Structures are given as C-alpha cells and as structure tokens.
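K.L.:
With the input below, show me the fold.
(2 chains)
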Amino acid sequence: MTGRRTRAPYVMAAPAVILFVVFIVVPIGYAVWLSLHAMRVSGAGLGIRAEVFVGLGNYLDAVKDTALYEAIQRMLAYGVIMVPVTMGLALLFALLLDAPRVGGKRASRITIFLPYAVPGVIASLLWGFIYLPAVSPIGAAFKAVGLDAPDFFGDVSVFFSVANIAVWGSVGFNMVVLYTTLRAIPKELYEAARLDGASEWRIALRIKVPLLRPALTMTSVFTLIGMLQVFSEPATLRPMSNTITQDWVPLMRIYQQAFVDNDTYLGAASSVLLAGATVLLSLAALAVFRSRSARSER
Amino acid sequence: MRRRTFLVSSAATLFLAGCGTDTSGGAAPAASPIAGDENAPANLVFWSWAENIQRVVDVWNQKNPTQKVTLSGQAASDELIAKFLTAVKAGNAPDVLQAEYQSLPTLITNNALQDLTSAVAPVKSAFPDGTWNLTSFGGTTYAVPADVGPMMLFYRADLFEEMGLEVPKTWEEFGALAETVRKKNAKRYLTTFSPGDAGWLAGFAQQAGADWWTNENGAWKVGIDDEATRKVLGFWSGLVNSGAVLGDPMYTPQWNAQMNDGTIIAWPSAVWGTGVLAGVAPKGKGKWKMAPLPQWSAGENVTGFWGGSSTAVSATSKQKPQAAKFARWLSTDPEALKVLVEIGLYPAATLGQTSGGLDAAPEYMTSQPDYYESASQISKTARGFSSWGPNTNVTYGKFEDLLPTAVKNKADLAAVATQVQQASVADLKKQGYQVVGG
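P.N.:
I've put the predicted structure just below:
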C-alpha cells in the first residue's frame, strides 16, 4: 500500500515529464550537440562533406554575424511598435467591454478575438493583398480621391505594415485574458467607489488597472516573447516586395542559415544564443514587473 | 504564443534527424556501382513536387505490379533539399527523388545520391549532350534528366500590334522597346525585372556566356563576378533604375493582376511559362505569343535554362536497381513522356521533344499553333553552365538577398555580382573546398 502511494505522484507526473523530455529537453540537447559540429569537406574530386566536431567555432561565427545584429535591430524597431500598441489596444478594449451600459459586448468580443484564430501565414497573405499597390483596396481608395497610394513597403512604413499584422492577430487574445480578469474583480469595489462619487473613468484608472497588474504582466511577457519569435509575418510578406530581406528578423536569419544555406549547425548555434537571450530577457522583464508591483503594494 | 509552434516543430525535426542510424560512416556504398536484380519486386517511395505527376506514376504501377511506386508530394525548392538531407541522415529517405539540376552538387557532396553511371548508361543517347551534362559531374552520372526549361520570350501579341511594337531580336532592341512602351502608354510596362529569382538570373547569365562554377582537378573556380554576369546585371540595372521596366518581384498577387490586365506585356520565361500564364492571366488566353529570347549580338542564337529537374536515387535506398530502373523509365519511356507533356513538363529526352504529344500547342497558346516546334528549335540553342557549384544554394540565397535591396535603393546591380562572388568563395573555403583564384 505504502509503495503504491509513493508511486502515484510519479505516475501522474510521468506523461508531462516524458513529453517535456522528448519534445523539449532532447531537441534542445540535440541542437546544442549540432551547434558544436559542422560539415567539412574531406576527399578529392567534387569533395564529399562529413560531420566533424568544431568546438565553439559555430558560436564564434554566430557572434560575429553582422546580419544577425541587423536583424535584431529590425526586430526591436518592430517590437517598439508592436508591443505597446498590442498591449494598449488590448487594455483599452478590455476596459471598454467591462464598462457598464456598453451594448453589443458579445459581438464585439468575438469580432476582436476572431483574428487570433487566423493563422499568421494566412493573415500575412491577406494583408499582403491589401499592401500591394496594384491590388490594394486602400490604394484604390486613395486614388479615387486623387491622392497617391501609400507605400506600405517603404523603408520605415514596412515596420508598421508588419507590426500591424501581429497587432491585428494578437490583440484579441490579450484582450480576452484581461477581460476575464476584470470580470473576476468583486463588484462591491465598484459600488463602493461609485458611492464615493468616482466616475467610470476614475474607477478604470484607479481600481481596474491596478488590479489587472498580474494579468498585464503575463500578457506583456507573452507579447515580448512573441516579438522575439516574430517569423511568419515578415517571411510570408518577403516574396511580395523588395524591402524585406531573407534575414530580416533573427528567426529568419536562423532559418536562412539552416535551410537556405543548408548549415543546420550554424543555425543551431544561433538558435541556442537566441534562446539564451530570450530566457534572460523574459526573466529581466518579469523581475522589473515584479519589483514594480511590489513597490506599489507597499 | 503562436510562434512557439515554429520553434517546437523545428526542434522536433532536428530531433528526428538525430534519431536515425548514422549513415555517414557508410560513405562507401554511394560511390560503388549498383548490384542486384532490377526486376526484383520492390516498394519504392518517390518524392516529387510536379503537379499531377501521380498520373505518370499510375502508368508505371499498372505496368509493373510487383514494383510499386508510392508518390509523396513535396514542396519545391530549397526546403526540399534540406528535408531530403535530413531524411538521408535519419535513414528514412525516399528511394527516388525529383531534384532540380542546380541542387545536385549540394546533394552529391553531402553523400546523399547514388552513383548511377552504369545503371543509366543505356539511355545516355536518348538525350542531347548538353542536357546529359546537367546530371554528370567528373564523368559520374548521378541522375537522369527529366524535364528542361529553355528560356524564351513571351509577349502579348495583341498589345504589341495595337501599339505598333516589333518583337525585339537583341537586348539592345529590348531596352529601347521598354522605353517606347512607357512613352506610348504610361500605364504599361514591357516587363518587370524580378530581383528575387536567382534561377532566372542564372538563365540570363548562361545565355550571356557565364560559367559560375568550374571544377578544375578537384578545385573550384567561381566566376559569378565575370564580364557576362556583370553585362546582364548592368543591362537590367539601367532599365530598372530609369523606370523603363518595373523592379517588382514575380509571382505576387500584384504581378498576377498586372500580367492579367495588360500592365506587363512581355515576360522572359521558360518553355513551361504557358502553364503559369494560364494560371495567372486567364484573360490573356490566345493573346500571348512566344519568341526566342533577345540576343546579346544580332545574328546570334543562344538561350539559357530556367528550371527543369532530374530524377535521382538516394544513397541510402535499399532497392537501388529498381529505383534506377524507375528513374530511367520516367525520363525515356514513350508513354511516360507523353503523360509528362500532358501535365505540363517539357521532357529532357530528344524523343519527348519531338513525339506525338507535342503536335498541338498548349491550350492557352491558340495564337501559336507551332508552339512546340519553335520550342524544340529554341531548346537546341540552350546553353547551361559547365557545372553547378556545391554551394549553389548559398549563391542563390545571397543574390536573392542583395538584389532586391539594390533595386529598392536604385543601386548599381552589377556591383552585387562582386558581393555574391565574395560570399560564395568565402563559403566554399569555410567548408574546406579548394578554390582557384577568388
């Protein structure tokens, strides 16, 4: 009996642990192993390639890769637009939906959430249509009133065009998380505030937003990670314009190394570096949010 | 949130790759000739991306009930190569693979392809020499040519007539014509220079006489930054930067619309271009015609290749004799060739280019009843590089990164050739290849 009782937790945890080991730990381990190897030519003639151990050679190449740094800069420029706009709109919509005397809540909630259900690649193809001058309804509308069609793939505008797709796709998810948290706040707090003569605006700012802080922290971290992993939107838009290069953001650069240049080994090294940076950044972001909320609680 | 799936799935791919038995130790079998009975029962897996290729496979399966071929449809281009190399490493590669000519050296140098020299020698005479060379390296044949893409010029015959334009015979005339089109109708362009298609550019470079890679006694000579390539790039540079032709990519919703509504009235493409036109420009049916590609000097008659593919056998296949038999059959059997033509591929075999299926023009080209006759004439004038390089993918990737940026910045496109040359040579050296010059 006792043996069974002590075994139970392990049995319960086993599925999760096995999945975690098979799909997370082992692939990461293999990626690390790959990152320490490379294909090098041995033999004459055309030259046959063989896998050899190269130590930290790939990491050295990855660290010296200027294209990767340029990609990171572009990702940050994209993030400066995407993260605040996504979070701002998600908070705004959640507060609006939670405000009393607002009609059509159900319909608007679904409408705002729906884009999240559209896969990023499909969304990018759809937006691509809207961005290309010759087939763009927006361009047609501008021309109809005698204006030049806007260039969605300009040096600067391209960041807004790409960020727009991500915002469109992710506001709904974040809004639902925030809205659900808002619904869980006890109504007595609002009643008390109203009795004290607080306006809805004041209630939102002084009661709702502070109580939303944990949810805001979580969604912000998700959005930040989404920024670090941006891939499908620019990769799908790339063939449509001359502005987005194959190494536009870090993941595209890694994809290029692994699958265009067929250097899985260098790609693995860059991946490990990017994953390390992602973990550090996430921890830093969490720490910042935590210390802030701790301060405000005091 | 959604991005996670990308990382996880690619991590899973890497993981799967690691699970397989390590075949790199068994390097020897690939080089040795095939032994065994090619008529023994077999169950072959065939990776291909050609549309409707199942129809050809069906013909084979009907005639060879004991040697079943199962088709596994694939996405074309670079990703297929990465996927195939991974599968070879994992020990679950298909027996037979459709491979673009330029990707063969990458596959060979990764030890992923079987030496087919003796197995396919009987059908060598079925192909023009130039075509056979596309799959042979240093006297060893690694694949059977299946289809080729000799380049030609498609143009809107109705609009050319309406605007009083002559079909250009030289690139000089082509350039002048591009400006005439702009002057006559500001809404129209002669064509677009699509900067993100290195394979297309390679075809132009072949026509101009370039040899991007040459293997000299085991050392590679890279000639991307040569006079011919610079000439081609310089020519398009002038036209794009002056606005005489567009600089937008092909195969976008916008390009489709422009090809369909007459904004773009000519398209330097390859013999398979009619299939693309039928898809993107349904309104142009019966209005497009085809002519030889403009020449660099009057009176010349040369063209290059864009696209085309071959059938190769995986180095790890356990049914190599049967796989080689299928590869041979696919490219030379009269019945197979007939179906190849019907599904829109232009056969590499001489017989395929002259056989019955090619009497009638493609349905889209009603304006040109002798379409295949002209194509066959043009096909004979096609010239490829003497060899593709072992890192063609890197070169293509570099071109496809740098040219779009150069077009966007209205920079000198010829200068890109220098950068691509440097990157290609550096990559070869890094991998340990011997490189002549630089």
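K.L.:
contacting residues around A:Ile112?
P.N.:
For A:Ile112, the contacting residues are A:93, A:171-172, A:175, by Cβ atoms under 8 Å, 6 or more residues apart in numbering or on different chains. (Glycine included, C-beta is placed from N, CA and C.)
K.L.:
Among those residues, find me the one that's closest to chain B.
P.N.:
Closest approach to chain B among those (Cβ to the nearest Cβ): A:Gly172, at 11.5 Å.
K.L.:
follow-up on the earlier one: quick check: the two most widely separated of the contacts of A:Ile112?
P.N.:
Farthest-apart pair in the contacts of A:Ile112 is A:Phe93 and A:Gly172; separation 8.4 Å (Cβ to Cβ).
K.L.:
three-state assignment of the residue nearest to B:Thr381 when sequence neighbours are not counted?
P.N.:
Of all residues not flanking B:Thr381 in the chain, B:Asn301 sits nearest, at 4.9 Å (Cβ to Cβ, 6 or more residues apart in numbering or on different chains). Recorded secondary structure, B:Asn301: coil (DSSP: H, G, I helix; E, B strand; the rest coil).
K.L.:
ok so B:Gly307 is a strand residue?
P.N.:
Yes: judged by three-state DSSP, B:Gly307 forms part of a strand.
K.L.:
tell me, what residue is most central in chain A?
P.N.:
For chain A, A:Gly226 is the residue whose C-alpha lies nearest the centre (Cα atoms, centre = their mean; 0.9 Å).
K.L.:
So which bits of the stretch 151-298 of chain A are right by chain B?
P.N.:
A:169-170, A:173, A:222, A:225-226, A:229-232, A:239-243, A:245-247, A:251, A:256, A:258-262, A:264, A:268 (Cβ under 8 Å from any Cβ of the partner chain).
K.L.:
hmm, back to that, isn't the residue nearest to B:Thr381 up against B:Gln295?
P.N.:
Yes: between B:Asn301 and B:Gln295 a contact is recorded at 6.9 Å, counting by Cβ atoms under 8 Å.
K.L.:
Which pLDDT value goes with whichever residue of the stretch 101-250 of chain A sits closest to chain B?
P.N.:
Proximity of the stretch 101-250 of chain A to chain B (Cβ to the nearest Cβ) peaks at A:Gln229, 3.2 Å away. According to the prediction, A:Gln229 has pLDDT 89.
K.L.:
longest strand in chain B, by residue count?
P.N.:
strand B:143-156 (DSSP state E).
K.L.:
Determine the number of other residues adjacent to the residue of the stretch 201-350 of chain B found nearest chain A.
P.N.:
Residue nearest to chain A within the stretch 201-350 of chain B (Cβ to the nearest Cβ): B:Gln254, separated by 3.9 Å. The local packing of B:Gln254 (other Cβ atoms under 10 Å in any protein chain shown) involves 24 other residues.
K.L.:
Can you give me every residue that contacts B:Glu216?
P.N.:
B:Val436.
K.L.:
that older thread, neighbour count: B:Asn301 and B:Gln295, which is higher?
P.N.:
Set B:Asn301 next to B:Gln295 and count neighbours by other Cβ under 10 Å: B:Gln295 wins out with 21 against 11.
K.L.:
Around chain A, which positions in the stretch 151-300 of chain B sit nearby?
P.N.:
Residues of the stretch 151-300 of chain B lying near chain A (Cβ under 8 Å from any Cβ): B:195-196, B:215, B:218, B:247-249, B:251-254, B:257-258, B:263.
K.L.:
Of the residues you listed, just say which sits nearest to A:Phe129.
P.N.:
After measuring those against A:Phe129 - Cβ to Cβ - the closest member comes out as B:Pro253, at 5.3 Å.
K.L.:
State the pLDDT value of the closest one.
P.N.:
According to the prediction, B:Pro253 has pLDDT 91.
K.L.:
pretty sure it contacts A:Ile130?
P.N.:
No: between B:Pro253 and A:Ile130 there is no contact under Cβ under 8 Å: 9.9 Å.
K.L.:
Low-confidence regions, the chain specifically.
P.N.:
Chain wasn't specified; assuming chain A. Applying pLDDT under 70 to chain A flags residues A:1-5, A:43-47, A:293, A:295-298.
K.L.:
My question was about chain B, not that one.
P.N.:
Scanning chain B with the threshold set as pLDDT under 70 gives B:1-33, B:76-78, B:355-357, B:438.
K.L.:
by contact count, what packs against the longest strand of chain B?
P.N.:
When contacts are defined as 3 or more Cβ pairs under 8 Å, 6 or more residues apart in numbering or on different chains; DSSP states H and E, strand B:143-156 packs onto helix B:129-133, helix B:198-208, strand B:266-270, helix B:273-280, strand B:288-292, strand B:305-313, helix B:320-332, helix B:371-380.
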